[in-house]
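>>> Next come a sequence and a model predicted from it.
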Amino acid sequence: MNEVKVPRINANEDEVFLSDILVREGDRVTEGQELFSVETTKSTISVNAEQDGYVRRILVTQTEMVDVGKLLCILTESPDEPLDADLAQESAAAESVQDAPKMTAKQRLLAKKKAAKSRTAADAVEEETWVPSEELPWVAEARETLSKQDVSGACSVFSEEDARQQGFVVGEQVRWGSGVSIKARRLWIGEGAVIGSDTIIDADAVYIGAYTKIGKRSEMITREIIIGDGVVVGQEVLVDIAGGLSSESRLLVGNGCLIASRAMVNTCREVVMEPESALSPGAMVFTHRFWQSVLDGYSTRFSSVRIGHRAWAGAGCQILPGTKIGIGSIVISNSTVTDNVPAGCLFGGIPGKVLRENAACEIAPAERVNILADQLDGFSQLLSFKGCATELAADRKSLTVGLPDGDTYTIELLETEKTDATFRDKRIVLLLEGTVEEPVQGSVFLFESMTFIGETTPLSAELRNYLRRQGIRFHPFAWDSSYKKGLPDA
């Protein structure tokens, strides 16, 4: 007679989860055969027979927690060998469990992984309704704007003057670097946009939003490019059509997005970055996978990529064809995205998986006030560094700023209270709740709607840039975010 007991798998766990019973009473088993599958917080382990024999009694029930050392079953050399009286007890396993299909521990673990992967992809689809790209308002508006231009052959332009002579629209205050080459049939460049030197853009239709900045030595070649307002594209960004130009080759980037330096975006198929999403330095987006022959059993894939509103992909990430990154999710640096990423999660690894369901946390109103008070304190220190005289109130909700030119401003942090006297010249208001009718005197940051209204001054621009570096961005995105309208460095 042989007693099979729960083994100790690691020193920190005194009980395990009995996930599978792989035999029934009366079964003939051989040495090394899997009898049970148990799980710890770290792994799944099979419990095997140490000798040939017959299963005489099963003393546990599937899906229960069992203590290390607990008796699982009794094996005997013959099917009718007498059992000790203390052990001759009725099996605790239910009949339904006895008749259940058998799976080895390895089979079950693979099945669990497959099911978890399927759930992850399904959850991402269920949590978000992805609007087709042509129905996105900012895409439709850009296409409507471009459609008003007469289409002739593709034209190459090397300066603002070239562009205007060809009938293209170029807004006021556009900064166009040396060595820039744009080839397009339709071209629209918004007010205050910046195109860095030695940048090459080649597409049938090109839309660059107001105050968008494209860095030096970038190369963007595809069929359609739509880049919204207030977007930052870093230096040496590559947008290509490796894998072949198609009717779906396009890059659609919403307002307030970031594509950092040396990022690579393949547009063999469509890539959509929804507003305020970000690709960090060196991130790579692929819409094709091919090289080895399908006749040898290898797979190929050509499919679009979608990055949701306020999602962020860290430095060095690889985002593979056909994937979607959900609203507000974070993909940590150097991860590989092979499947859909659910909304609002922390995701990472190779291949990536959900590390935490909630990347952000709920902030109570009182705590939001404390956070902004901390920011006002930090801003006061920055202004002191820039040569301003500052005085922060004891409650840290009011900051008086004396500028080097002699002007004095007051910055007020208010939760809800406001009067007609709240808004006036040389006053900047941070209002957490409520709205304000325009026109308004002074400068107002409305946190409920995340909008900025009123006068843009060097100090309000400096504050807006400071808050932007804390991830706090305000509409409209189309504003001159360069430090030329902020306070000069000390």
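Thanks, I have it. Numbering: from 1, shown residues only.
>>> would you list every one of the helices in the stretch 51-200 of the chain?
Along the stretch 51-200 of the chain, counting by DSSP state H, counting those that start in this stretch, helices occupy 95-98, 105-127, 137-147, 160-165.
>>> can you give me how far the third one is from the chain middle?
Helix 137-147 has its C-alpha centroid displaced from the chain centroid by 26 Å (Cα atoms, centre = their mean, to the nearest Å).
>>> What lies in contact with it?
With contact meaning Cβ atoms under 8 Å, 6 or more residues apart in numbering, helix 137-147 is reached by 133-134, 169, 186, 188, 205, 207, 209, 226, 228, 252, 254-255, 275. (C-beta placed from N, C-alpha, C; glycine too.)
>>> Any chance of a PyMOL selection covering the buried ones in the residues you listed?
Only the buried entries of the contacts of helix 137-147 go into this PyMOL selection, using 16 or more other Cβ atoms under 10 Å:
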select buried, resi 133+169+186+188+205+207+209+226+228+252+254+255+275
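>>> Nearest to Gly454 among the contacts of helix 137-147?
Asn255 (20.3 Å; Cβ to Cβ).
>>> which ones are touching that closest one?
For Asn255, the contacting residues are Trp138, Gly209, Gly228, Asp229, Gly230, Val231, Pro275, Glu276, Phe477, Ala478, by Cβ under 8 Å, 6+ apart.
>>> if you look at these, which of them are in helices?
If you go by DSSP state H, the contacts of Asn255 have Trp138 in helices.
>>> Dump the contacts of Asn255 into a markdown table; add distance to Gly352 as well.
Output for those, formatted as a markdown table (distance: Cβ to Cβ, whole Å):
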| residue | distance to Gly352 |
| --- | --- |
| Trp138 | 28 |
| Gly209 | 31 |
| Gly228 | 27 |
| Asp229 | 31 |
| Gly230 | 29 |
| Val231 | 26 |
| Pro275 | 23 |
| Glu276 | 21 |
| Phe477 | 29 |
| Ala478 | 34 |
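>>> pull the helix or strand with minimum mean pLDDT from the protein.
Sorting the helices and strands of the chain by mean pLDDT, DSSP states H and E puts helix 95-98 at the bottom, at a mean of 42.
>>> for the stretch 351-490 of the chain, which spans come out with low pLDDT?
420-421, 481-485, 489-490 (pLDDT under 70).
>>> just the helices in it please.
365-385, 458-468.
>>> And the helices of the stretch 51-200 of the chain, which one averages the lowest pLDDT?
Ranked by mean pLDDT, the helices of the stretch 51-200 of the chain bottom out at helix 95-98, which scores a mean of 42.
>>> care to break the protein down by domain?
Domain ranges of the chain: 2-103, 133-356, 365-485, per automatic domain parsing.
>>> Mean neighbour count, those domains: which tops it?
Among the domains of the chain, domain 133-356 has the highest mean neighbour count (mean count of other Cβ atoms under 10 Å), at a mean of 19.
>>> follow-up on the earlier one: closest one to Glu248 out of the contacts of Asn255, please.
Trp138 (18.7 Å).
>>> Which single one of the contacts of Asn255 is nearest to Gly322?
Nearest member of these to Gly322, counting by Cβ to Cβ, is Pro275, at 22.1 Å.
>>> quick one, what contacts the closest one?
Trp138, Gly228, Gly254, Asn255, Gly256, Cys257, His309, Arg310.
>>> try Thr457
Thr457 neighbours (Cβ under 8 Å, 6+ apart): Tyr409, Ser443.
>>> again, but for Leu376
Leu392, Arg396, Lys397, Leu399, Ile411, Leu413, Leu430.
>>> okay but the last one is in contact with Leu414, surely?
Read it as Leu430. Yes: with contact defined as Cβ atoms under 8 Å, Leu430 counts as touching Leu414 (6.8 Å).
>>> May I have the beta-bridge partners of the nearest residue to Asp27 once chain neighbours are set aside?
Excluding its sequence neighbours, the residue lying closest to Asp27 (Cβ to Cβ, 6 or more residues apart in numbering) is Val55, at 4.7 Å. Taking DSSP bridges as the rule, Val55 bridges to Leu75.
>>> for Ser156, same thing?
Note on Ser156: beta-bridge partners by DSSP bridges are Lys183.
>>> heads up, I number from 4, so please use that
OK, 4 is where the count begins now, so the last one is Ser159.
>>> From Asn258, how far off is the closest residue to Met453 other than its chain neighbours?
Using Cβ to Cβ, 6+ apart and skipping the chain neighbours, the partner closest in space to Met453 is Phe477 (5.5 Å). Distance, Phe477 to Asn258, using Cβ to Cβ, to the nearest Å: 12 Å.
>>> ditto for Ala286
Ala286 is 20 Å from Asn258, by Cβ to Cβ.
>>> Could you do Arg265 as well?
23 Å.
>>> now Val340
23 Å.
>>> circling back to that earlier point, max pairwise distance over the contacts of Leu379: which two?
Across the contacts of Leu379, the longest distance by Cβ to Cβ is 13.7 Å; it joins Leu395 and Leu433.
>>> tell me the contacts of the nearest residue to Ser252 once chain neighbours are set aside?
Of all residues not flanking Ser252 in the chain, Arg226 sits nearest, at 4.0 Å (Cβ to Cβ, 6+ apart). Neighbour list for Arg226: Ala206, Asp207, Ala208, Ile244, Leu248, Ser249, Ser250, Ser252, Arg253, Thr270 [criterion: Cβ under 8 Å, 6+ apart].
>>> pLDDT wise, what is Arg226 at?
At Arg226, pLDDT is 96.
>>> now do Gly170
pLDDT for Gly170: 87.
>>> follow-up on the earlier one: which of the contacts of helix 140-150 lies closest to Lys327?
Ser136 (12.1 Å).
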